[in-house]
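1. Sequence and predicted structure, then a few things I'm wondering about:
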There are 2 protein chains.
Amino acid sequence: MIQLTKRTEYGLIALVHMADRERDYVSVREISERYLIPRRLLAEVLKDLCHARLVDSQRGATGGYTLALSPDRLALSEVVAALEGRPSLTSCESLAPAQHGECGLEPLCPIRSPLHRLREGLWQLMQRTTLRSLLKPRSPLTGDPDAEPAVSPAVLTVLS
Amino acid sequence: MIQLTKRTEYGLIALVHMADRERDYVSVREISERYLIPRRLLAEVLKDLCHARLVDSQRGATGGYTLALSPDRLALSEVVAALEGRPSLTSCESLAPAQHGECGLEPLCPIRSPLHRLREGLWQLMQRTTLRSLLKPRSPLTGDPDAEPAVSPAVLTVLS
DNA sequence: GGAATTAGCACCAAGTTAGTGCGCTTTAGA
DNA sequence: TCTAAAGCGCACTAACTTGGTGCTAATTCC
């Protein structure tokens, strides 16, 4: 299936919210109540993002989480990688980490290499989608909302 | 998760094989034995592709399946749509088919619209990936294997 | 008629994901 | 110093999705 998990969705919502709150430490409770996200699940997600060094945590009474990187430097690909692993598109890739360079269906899995390229394209899409571009229309930080497209066209030429 | 299903993988392999066999009707058995794919499952897949009008079927003793379209006209997106539905990326999209234009998390699902754009980008990628480009290196039909890139860069500018 | 094929449907098993329980540690503030 | 609020960590359950199978037609060639 080609779909982000709930965990990733929740993580992105939380990251956008944290970006709005600038450098404050914001609690899991605040986010979960605001967006009606199960609190314990969101806590797991933010913990993982913390392990991946995308957010910083502060324990204790007034603790919470805050962005570890500027929204300009935080790519969607990093969030996805942290919360669901780097996508593999085909199953053989995830099982056979480039041994012969072939999957179980010996010399003739005819779709492998072009699909690999497609995956790379998707990955580039995600690498070029920054947290900044996710919050563009509403962020007080952005002077010109339309100055920066969510995905830069130029990069995608690597696909060819 | 961002990954094609086995069904889609099997379907693509079968389509590539059928492209090689030109206009012959090729049986499920032949493909399943050649690529070691479970026969009954492949049969289900090809049945679905037939319903989607991507292949034609012939019943009876010497029956089988054959491509209904030229490999140049058969896009990866159609295969994916037929076998696993058009991808939605976020869960709310698949549940709320554009009513208010909002998901359950009322006015403030902050990630919806930019992610929507990303999905469109992915979809364009798949629309531009033809069956022809999947069989390029081995197809006897293609004079110049490198003449046509798997994904045309130009199209992707629509993303911006 | 018999063998090989697609068609259709229901079903099962395994894996993944969403979500929860529970107890611990850390910290600010009364 | 106590307490409440927060993060930390792990295990666990329930629901859903996916991969795969069984069985029984209907069709067509020899």
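-> That came through fine.

2. What's the separation between the closest residue to DNA strand C within chain A and chain B?
-> The minimum distance from chain A to DNA strand C, using Cβ to the nearest atom of the strand, falls at residue A:60 (2.1 Å). Heads up, the C-betas are built off the backbone N, CA and C, glycines and all. Remark: distance between residue A:60 and chain B (Cβ to the nearest Cβ, to the nearest Å) = 28 Å.

3. for that residue, helix, strand, or coil?
-> coil (DSSP: H, G, I helix; E, B strand; the rest coil).

4. Count the neighbours of it for me.
-> Residue A:60: 7 surrounding residues under other Cβ atoms under 10 Å in any protein chain shown.

5. tell me what the helix or strand hosting residue A:31 is packed against?
-> Under the criterion of DSSP states H and E, residue A:31 resides in helix A:28-35. Contact analysis of helix A:28-35 by 3 or more Cβ pairs under 8 Å, 6 or more residues apart in numbering or on different chains; DSSP states H and E lists helix A:6-20, helix A:39-51, strand A:64-67 as its packing neighbours.

6. Including distance to DNA strand C, could those go into TSV?
-> Formatted as TSV, the helices and strands packed on helix A:28-35 follow (distance: least, Cβ to the nearest atom of the strand, whole Å):
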stretch	distance to DNA strand C
helix A:6-20	3
helix A:39-51	4
strand A:64-67	11
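
7. got CSV for the ones you listed, with mean pLDDT and mean neighbour count too?
-> Shown next, in CSV, are these (pLDDT from 0 to 100; neighbours: other Cβ atoms under 10 Å in any protein chain shown):
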stretch, mean pLDDT, mean neighbour count
helix A:6-20, 93, 22
helix A:39-51, 96, 17
strand A:64-67, 96, 21
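
8. what residues does chain A put near DNA strand D?
-> A:1, A:27-30, A:40, A:43-44, A:46-47, A:50-51, A:57-65, A:91 (Cβ under 7 Å from any atom of the strand).

9. mind running it again at 10 Å?
-> Within chain A, the positions near DNA strand D by Cβ under 10 Å from any atom of the strand are A:1-3, A:14, A:25-33, A:39-44, A:46-51, A:55-66, A:91.

10. Any part of the helix holding residue A:31 near DNA strand C?
-> Yes: if you take Cβ under 10 Å from any atom of the strand as the test, helix A:28-35 does meet DNA strand C, through residue A:32.

11. measure the residue of chain A closest to DNA strand C to residue A:25 for me?
-> Going from residue A:60 to residue A:25 by Cβ to Cβ, to the nearest Å gives 10 Å.

12. just residue A:82 next, same as before
-> Residue A:82 is 20 Å from residue A:25, by Cβ to Cβ.

13. Those two - which one has more neighbours?
-> It is residue A:82, of residue A:82 and residue A:25, that has more neighbours when counted by other Cβ under 10 Å, with 21 against 17.

14. That one: which element?
-> Here residue A:82 is assigned to helix A:76-84, by DSSP H and E.

15. For the helix holding residue A:31, C-alpha coordinates in PDB please.
-> C-alpha atoms of helix A:28-35 as PDB (Å, rounded to 0.1, in the frame of the first residue of the first chain):
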ATOM      1  CA  VAL A  28       2.200  15.700  24.400                       C
ATOM      2  CA  ARG A  29      -1.000  16.500  26.300                       C
ATOM      3  CA  GLU A  30      -1.400  19.800  24.600                       C
ATOM      4  CA  ILE A  31      -1.000  18.400  21.100                       C
ATOM      5  CA  SER A  32      -3.100  15.300  21.700                       C
ATOM      6  CA  GLU A  33      -6.000  17.400  23.000                       C
ATOM      7  CA  ARG A  34      -5.800  20.000  20.300                       C
ATOM      8  CA  TYR A  35      -5.900  17.600  17.500                       C
END
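
16. Give the buried residues for that helix.
-> A:28, A:31, A:32, A:35 (16 or more other Cβ atoms under 10 Å in any protein chain shown).
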